[in-house]
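Colleague: what would the 3D arrangement of this be:
(2 chains)
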Number of protein chains: 2
Amino acid sequence: MAGSGEFGFIRTRLAPLARGHPAALDLTDDAAVLTPAPGCQIVAASDMLVAGVHFLKTDPPEIAAERALRSNLSDLAAMGAEPLGYLSSIAWPRGVTQAWRDRFVDGLASAQDRFGLALLGGDTTSGPGPLTISLTLLGQVPVGAALLRRGARAGEDVWVSGTIGDAMLGLAIARGELAADPVLLERYRRPEPRLELGVALRGLASACLDVSDGLIADGGHIAAVSGVRLELQASEIPLSLQARRWLQEAPGAGLTALVTGGDDYELLFCAPQDCRAAIEALGPRIGLVLTRIGAVTQGQGIALLGADGEVMETGAGGFTHF
Amino acid sequence: MAGSGEFGFIRTRLAPLARGHPAALDLTDDAAVLTPAPGCQIVAASDMLVAGVHFLKTDPPEIAAERALRSNLSDLAAMGAEPLGYLSSIAWPRGVTQAWRDRFVDGLASAQDRFGLALLGGDTTSGPGPLTISLTLLGQVPVGAALLRRGARAGEDVWVSGTIGDAMLGLAIARGELAADPVLLERYRRPEPRLELGVALRGLASACLDVSDGLIADGGHIAAVSGVRLELQASEIPLSLQARRWLQEAPGAGLTALVTGGDDYELLFCAPQDCRAAIEALGPRIGLVLTRIGAVTQGQGIALLGADGEVMETGAGGFTHF
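Modeller: Predicted coordinates for the structure are as follows:
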């Protein structure tokens, strides 16, 4: 479906991203053909990102590409899957320069290298709208081992990896609304898909997802699909040094902003209490802080509890692009 | 990644398209999880379609959806794969009405029903640009049986299914440039992915693709990737009654327009001469005309030969959206 002006671009710029991976067929065919490892299932996740909606129009092209691939990889991490490769469909804005497109491809190449991935196929076109990227990540997981959102049970613990709210602050920095901080900006620009954690949580976590819509909204998704209630302790939410500093100067609703901000791409998961020791041992092994932030109870919805045990107001709780 | 305004739409309108398929996980998770049949590989194809570029802004929403799914299925047909399901990423234009979106989903449902498919996952969002759809079709094929573009050898025959150029005429009708004809319009609106043919060509065809960029451009792709030359006989190109009638009244370049027009979604394939009888027997069995239109020779490129054996002028030969 690629227009003829695109064939040269695919051959010279995209084909190298296939790295000779046998599934990619050098990007000369209508589809990729790949084989999961014996005993494995295929995991497939598609994301669509629109310039000005999911990333800033001022984001450098290589950052837009990196974020797209990293955030989509995060979906595989949330399922406990190992990535196999990806398909990339891109609608370039009309009038995009070759230099801009080259930098975008450089961003894909950089993220690929970081995660040992290959481009397996896709489509490129152009249109009158903003840059629109749809990536489909393909991964694999042993049959029956995928982490789903539906398995949380009352009495279990709620855990989260890393720190929460940094990407929201990084986005504010990228928008020029907050003083520059390289760590926070990087958290927004190059989110870290928790692939190693996802794999390690197979057999431990009863429910898992990645925090993309915000801790409260995503916790609400687990609650809804599992038919339980999640009660999170505000004092236990892991915050970076930078977020703590911002919080000291922020208005009263500062914590709410952090727990409802999107794009953290940390893993939020539930696990039985008898897995506590195993999960606590896991963090140091993979170099990632894992924090027990609450409990699964009977009921529905999600609540953030203050020091007094009262439910804190978190508003609609959903970071929405729509 | 779906904005919170989208969760209701996914639950009420998209989740039914998952039809309870186990791989779709009711569309509640970050990814689909599916298992190919024993001895099979996964085939994955992504296409991106932009309103006003790949379909007309005046196309009814259900037609846009049907065309998107059918043309993407055609990529699987070209590989000899059987479809397993699909992921759908949609960026709605801002201000799109609920009625419009419902009709779009109706179109997906209609195409699904026709091909026994289920929606397995994806993403929905909205943006300032035109409707942009990226579908990823997942299918399966026995290990090593996928039809590729690279296997054509000098001395083989070139074949094509169905008739060529009807979709180009149908598009002209949809644009109001040509008098209405329901058959031609339907060929543009609801192209028929040749899935049964693709499966039947396993072990027969040495190279295969679907005609999306135009017969000449796509034949050129086989030639380039296989390192051969394709010589097609103009007199053998299969044309519908409607196309023949149009040709009688068309200017001199009429045939060129038909063989360079896009979106036919017929299969163009090469096969050894000793497969002729098998291929000739295949057509009646699957109810599809298969026509031998030329020969694979040594050399490069593609040529359309007139009755006098002279190479006819077909211009750049590529239907380009770009």
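Colleague: excluding chain neighbours, what is closest to the closest residue to chain B within the stretch 51-200 of chain A?
Modeller: Proximity of the stretch 51-200 of chain A to chain B (CB to the nearest CB) peaks at A:Gly129, 1.7 Å away. Every C-beta, even on glycine, is put in place using the N, C-alpha and C of the backbone. Nearest residue to A:Gly129, sequence neighbours excluded (CB to CB, 6 or more residues apart in numbering or on different chains): B:Gly129, at 1.7 Å.
Colleague: I'd say that neighbour and A:Ser126 touch.
Modeller: No - at 11.1 Å, B:Gly129 does not count as touching A:Ser126 under the criterion of CB atoms under 8 Å.
Colleague: overlap of the contact sets of the two?
Modeller: A:91, B:50 (CB atoms under 8 Å, 6 or more residues apart in numbering or on different chains).
Colleague: so how far is A:Phe269 from A:Leu49?
Modeller: Note on A:Leu49: its distance to A:Phe269, by CB to CB, to the nearest Å, is 25 Å.
Colleague: on that earlier part again, have a look at B:Gly129 and A:Ser126 and say which one is more surrounded.
Modeller: Legend: neighbour count by other CB atoms under 10 Å in any protein chain shown for B:Gly129 and A:Ser126, higher for B:Gly129 (25 against 20).
Colleague: list the contacts for that one?
Modeller: Neighbours of B:Gly129 in contact, by CB under 8 Å, 6+ apart: A:50, A:91, A:127-130, A:132, B:50, B:91, B:93.
Colleague: CSV for those residues, including secondary structure and distance to A:Arg292?
Modeller: Below are the contacts of B:Gly129 laid out as CSV (DSSP: H, G, I helix; E, B strand; the rest coil; distance: CB to CB, whole Å):
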residue, secondary structure, distance to A:Arg292
A:Val50, strand, 36
A:Ala91, strand, 43
A:Gly127, strand, 47
A:Pro128, coil, 49
A:Gly129, coil, 44
A:Pro130, coil, 41
A:Thr132, strand, 39
B:Val50, strand, 46
B:Ala91, strand, 38
B:Pro93, strand, 44
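Colleague: looking at those, spot the one nearest A:Gly227.
Modeller: B:Ala91 (32.0 Å; CB to CB).
Colleague: who's the residue found closest to the closest one once you drop the neighbours it is linked to in the chain bridged to?
Modeller: Nearest non-adjacent residue to B:Ala91, counting by CB to CB, 6+ apart: B:Thr132, 4.4 Å away. Bridge pairing for B:Thr132 (DSSP bridges) gives the partners B:Val50, B:Ala91.
Colleague: B:Thr132 contacts A:Gly127, correct?
Modeller: Yes - in terms of CB under 8 Å, B:Thr132 counts as a neighbour of A:Gly127; the distance is 6.8 Å.
Colleague: when those two are compared, which one has more neighbours?
Modeller: B:Thr132 (28 against 24).
Colleague: any idea how far A:Ser71 is from that one?
Modeller: 18 Å.
Colleague: got it, and A:Arg150?
Modeller: 23 Å.
Colleague: could you list every residue that touches A:Arg101?
Modeller: With CB under 8 Å, 6+ apart, A:Arg101 has these contacts: A:9, A:13, A:61, A:92.
Colleague: mind telling me what element A:Gly198 is part of?
Modeller: A:Gly198 is part of helix A:195-200, with elements assigned from DSSP states H and E.
Colleague: show me how far that helix is from its chain's centre.
Modeller: Computed by CA atoms, centre = their mean, to the nearest Å, the chain-centroid distance of helix A:195-200 equals 13 Å.
Colleague: now the helix or strand that that helix is followed by - C-alpha only, CSV.
Modeller: The first helix or strand that comes after helix A:195-200 along the chain, using DSSP H and E, is strand A:207-210. Taking Å, rounded to 0.1, in the frame of the first residue of the first chain, the C-alpha atoms of strand A:207-210 are listed here in CSV:
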residue,chain,number,x,y,z
ALA,A,207,-3.1,-9.2,37.9
CYS,A,208,-0.8,-6.7,36.2
LEU,A,209,-0.9,-3.7,33.8
ASP,A,210,1.4,-0.8,32.9
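Colleague: in its sheet, which strands sit next to strand A:207-210, and in what direction?
Modeller: Sheet pairing for strand A:207-210, using DSSP bridges, gives strand A:267-271 (antiparallel).
Colleague: ends of stretch A:161-169, what's the gap?
Modeller: Criterion CA to CA, to the nearest Å; first-to-last residue distance in stretch A:161-169 is 18 Å.
Colleague: near chain B at all, it?
Modeller: No - applying CB under 8 Å from any CB of the partner chain, one finds stretch A:161-169 separated from chain B by no less than 13.2 Å.
Colleague: show me what counts as buried in that stretch.
Modeller: Across stretch A:161-169, burial judged by 16 or more other CB atoms under 10 Å in any protein chain shown covers A:161-169.
Colleague: farthest-separated two in those residues?
Modeller: A:Ser161 and A:Leu169 (17.7 Å).
Colleague: the helix or strand hosting A:Gly121 - contacts with which helices or strands?
Modeller: Remark: A:Gly121 resides in strand A:119-127, with elements defined by DSSP H and E. Applying 3 or more CB pairs under 8 Å, 6 or more residues apart in numbering or on different chains; DSSP states H and E, one finds that strand A:119-127 contacts helix A:4-9, strand A:32-34, strand A:82-93, strand B:40-50.
Colleague: could you export it as PDB, CA atoms only?
Modeller: This file holds the C-alpha atoms of strand A:119-127, laid out as PDB (Å, rounded to 0.1, in the frame of the first residue of the first chain):
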ATOM      1  CA  LEU A 119      11.400  -4.000  12.500                       C
ATOM      2  CA  LEU A 120       9.300  -6.800  10.900                       C
ATOM      3  CA  GLY A 121       7.000  -4.900   8.600                       C
ATOM      4  CA  GLY A 122       4.400  -2.200   8.300                       C
ATOM      5  CA  ASP A 123       3.300   0.600   6.100                       C
ATOM      6  CA  THR A 124       4.200   4.200   5.400                       C
ATOM      7  CA  THR A 125       2.000   6.900   3.800                       C
ATOM      8  CA  SER A 126       1.300  10.500   4.200                       C
ATOM      9  CA  GLY A 127      -1.700  12.600   4.800                       C
END
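Colleague: tell me the mean pLDDT for that strand?
Modeller: For strand A:119-127, mean pLDDT is 91.
Colleague: run the angle between it and strand B:40-50 for me.
Modeller: Note on geometry: by axes from the mean of the first three to the mean of the last three CA atoms, to 10 degrees, strand A:119-127 and strand B:40-50 are set 10 degrees apart in direction.
Colleague: how close does the spatially closest residue to A:Ala257 that is not a sequence neighbour get to A:Leu184?
Modeller: Using CB to CB, 6+ apart and skipping residues adjacent in sequence, the residue nearest A:Ala257 is A:Met168, 6.5 Å away. From A:Met168 across to A:Leu184, the span is 9 Å (CB to CB).
Colleague: try A:Val105
Modeller: When A:Val105 is compared with A:Leu184 (using CB to CB), they lie 27 Å apart.
Colleague: who has more neighbours, the two?
Modeller: A:Leu184 (25 against 22).
Colleague: can I get the helix or strand containing the more buried one in CSV? Just the C-alpha atoms.
Modeller: Element membership for A:Leu184 (DSSP H and E) is helix A:182-189. Extracted in CSV, the C-alpha atoms of helix A:182-189 (Å, rounded to 0.1, in the frame of the first residue of the first chain):
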residue,chain,number,x,y,z
PRO,A,182,17.1,16.2,33.0
VAL,A,183,16.0,13.2,35.0
LEU,A,184,12.3,14.1,34.9
LEU,A,185,12.4,15.1,31.3
GLU,A,186,14.0,11.8,30.4
ARG,A,187,11.3,9.9,32.3
TYR,A,188,8.8,11.5,29.9
ARG,A,189,10.9,11.2,26.8
